[in-house]
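A.B. asks: With the sequence up front, the predicted model follows.
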Amino acid sequence: MISNPYKHRTVRSLVALLCLLPFGLAAAGPPEASNHPLSLQECLKIAVENNPNAAAFLHAGRAAMARVGSSRSAYWPTLSLSGDLSKSYAEQSAGPSGRSAASSAYTSSSAALKGQYTLLDSGERKATVSASRASYLSADATFKANVQDLALAVESAYYALEGDQWRLEVARETKKQTLFHLDMSKAQQKVGLVPYSDVLQAATADANAGLGVIQSKSAVTSDRAALAVLMGFPADTGLQIEEIPSDSPLPTLPDWETGRDRALKLLPEVQAAFQNTQALTFSLKAAEAAYRPTITADGAYGRQDAGSWPNLETWSVGLTLHVPLFTGYAKTYQVIEAREALSGSEMDLKSTKLSSEKRAYDARTQFATALQSVVAAKALVESAQENSDVAEGRYKQGLGSMLDVVDATTTLQNARLQLISARLSLLTAQAGWDRATGKDLLNGLSLQSTASISNKPGAEEGRVPAPLNGESEP
């Protein structure tokens, strides 16, 4: 009897669909599905444009960029306008003569424009702006890492769908073969060359092959839904993908040293961890500078009434020196907190590099295994095909049994499925290697930039001020 290699396929596909749901529910509603077979590049483009998870990291990066502009505001003077209008009333008490003085009411008003500018802050502003910028670069790298993860998920889902379409093709070919065997056994039994048990065996194998076709179709439907949801389409979208040649040339095994160096240099996760360390380095400097002397320039101009408005002019200018002497040990603990946070970030950076290197090493190992598996599976298919042809020929000549034919057909089917699995593993292993070593899985697709922000929805995007060129800004 032909074994059923699809027994757990449907369950695995459903689990994969549930895992992909967080990536694929587009907030603005799913786009219209294309009516032509989609290439991998087209699937990636649609997913990047509609995936809400990637959009969330995009807006987080833009929020971090806005904080850079907010921190740079410390380099600008501050202006404030104030005014007051009041009316007072006082009832006079009786004098020594016992006669009450007249009650009085008084109305007063004033207006003033005040300005302040920090002339010297011992480097606190520069450190704060640098920390904000490093935090933005970390957020930007995190956004890019998330998009690369999304691209890897789309590519894996694309290959999974292609693999199940290959399996469906094998299942249909097996069904044709078992039906031919059933007809052949009936003809042989009709003339008395084989027992009726051969017909039963052939019928059982044919029914099992039919079940395999049904389960293969179900697997294709499930994987199509998983890819559709990941791209922002409804699960029941009947999208089609371009066929990947099953006999395409095998890639060569990549060089480990080159891949490792590229991973440690280009991986967005490593860049995000590095920039986070930089941000905390500047935060420590800002914490230390916050308790050093500061000098500010102050000025004010105003008008005040003295019975009629306006008739009194007031103004003032001056410098203020502020020297913290005692802050309840706040400086000590704030500096300790910043220093410990920096030390933890440095360890996190080291851990990220080690885990990235391990991930790249595992990806290359899987790549090598997949290459060897494809070569071995090809040899297995050739041997199984020859064995199936011999068993079928012997049965036609009355020298073999239907059990031999069924066993040979089962072996051939399993060999074909193993070759498909090996090819699928090779495709996903190559994508995993590219992701683990910092290659761009989007193949040059443009992304929305976290470096552009707008003041309100629908407003024209504006650029954040350029980087610092020294102590004084802007």
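C.D. replies: Received the coordinates, thanks.
A.B. asks: In this protein, what residue spans correspond to helices?
C.D. replies: Ranges of helices in the chain, per DSSP state H, are 9-24, 40-50, 52-72, 124-190, 196-230, 256-266, 268-289, 330-396, 402-436.
A.B. asks: Now these in TSV, please, with extra columns for mean pLDDT and mean neighbour count.
C.D. replies: Just so you know, the C-beta spots here come from the backbone N, C-alpha and C atoms, and that holds for glycine as well. Formatted as TSV, the helices of the chain follow (pLDDT from 0 to 100; neighbours: other C-beta atoms under 10 Å):
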stretch	mean pLDDT	mean neighbour count
helix 9-24	39	16
helix 40-50	89	20
helix 52-72	87	19
helix 124-190	90	21
helix 196-230	90	20
helix 256-266	93	15
helix 268-289	93	21
helix 330-396	92	16
helix 402-436	90	22
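A.B. asks: can you tell which of those is closest to residue 445?
C.D. replies: Proximity of the helices of the chain to residue 445 was assessed by C-beta to C-beta; the nearest stretch is helix 40-50, lying at 5.7 Å.
A.B. asks: Show me what the closest one is packed up against.
C.D. replies: Helix 40-50 is packed against helix 124-190, with contacts defined by 3 or more C-beta pairs under 8 Å, 6 or more residues apart in numbering; DSSP states H and E.
A.B. asks: helices and strands around the helix it packs on, which ones?
C.D. replies: helix 9-24, helix 40-50, helix 52-72, helix 196-230, helix 268-289, helix 330-396, helix 402-436.
A.B. asks: Let's have those helices in JSON lines, adding distance to residue 300.
C.D. replies: Formatted as JSON lines, these follow (distance: least, C-beta to C-beta, whole Å):
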{"stretch": "helix 9-24", "distance to residue 300": "55"}
{"stretch": "helix 40-50", "distance to residue 300": "53"}
{"stretch": "helix 52-72", "distance to residue 300": "25"}
{"stretch": "helix 196-230", "distance to residue 300": "61"}
{"stretch": "helix 268-289", "distance to residue 300": "28"}
{"stretch": "helix 330-396", "distance to residue 300": "30"}
{"stretch": "helix 402-436", "distance to residue 300": "60"}
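A.B. asks: For stretch 322-329, report the contacting residues that lie outside it.
C.D. replies: Outside stretch 322-329, the residues that touch it by C-beta atoms under 8 Å, 6 or more residues apart in numbering are 291-296, 331.
A.B. asks: how long is it from one end to the other?
C.D. replies: 17 Å (C-alpha to C-alpha, to the nearest Å).
A.B. asks: For that stretch, what is the distance to the chain centroid?
C.D. replies: 45 Å (C-alpha atoms, centre = their mean, to the nearest Å).
A.B. asks: Just give me the residue right at the centre of this structure.
C.D. replies: The chain has residue 146 as the residue nearest its centroid, 1.8 Å off, counting by C-alpha atoms, centre = their mean.
A.B. asks: and it, how far is that from residue 58?
C.D. replies: Taking C-beta to C-beta, to the nearest Å as the measure, residue 146 falls 9 Å from residue 58.
A.B. asks: Put the alpha carbons of stretch 440-457 into CSV.
C.D. replies: Taking C-alpha atoms only, stretch 440-457 is exported to CSV below (Å, rounded to 0.1, in the frame of the first residue of the first chain):
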residue,chain,number,x,y,z
ASP,A,440,19.2,42.8,1.0
LEU,A,441,16.3,40.3,0.5
LEU,A,442,14.2,43.1,-1.1
ASN,A,443,16.6,43.1,-4.1
GLY,A,444,16.7,46.9,-4.3
LEU,A,445,13.0,47.7,-3.5
SER,A,446,12.7,51.2,-2.1
LEU,A,447,11.3,51.7,1.4
GLN,A,448,9.6,54.6,3.0
SER,A,449,12.2,56.6,4.9
THR,A,450,12.2,57.1,8.7
ALA,A,451,14.2,60.3,8.1
SER,A,452,11.2,62.2,6.8
ILE,A,453,8.4,63.4,9.2
SER,A,454,5.3,65.5,8.8
ASN,A,455,3.7,67.9,11.2
LYS,A,456,0.2,66.4,10.6
PRO,A,457,-1.4,63.7,8.5
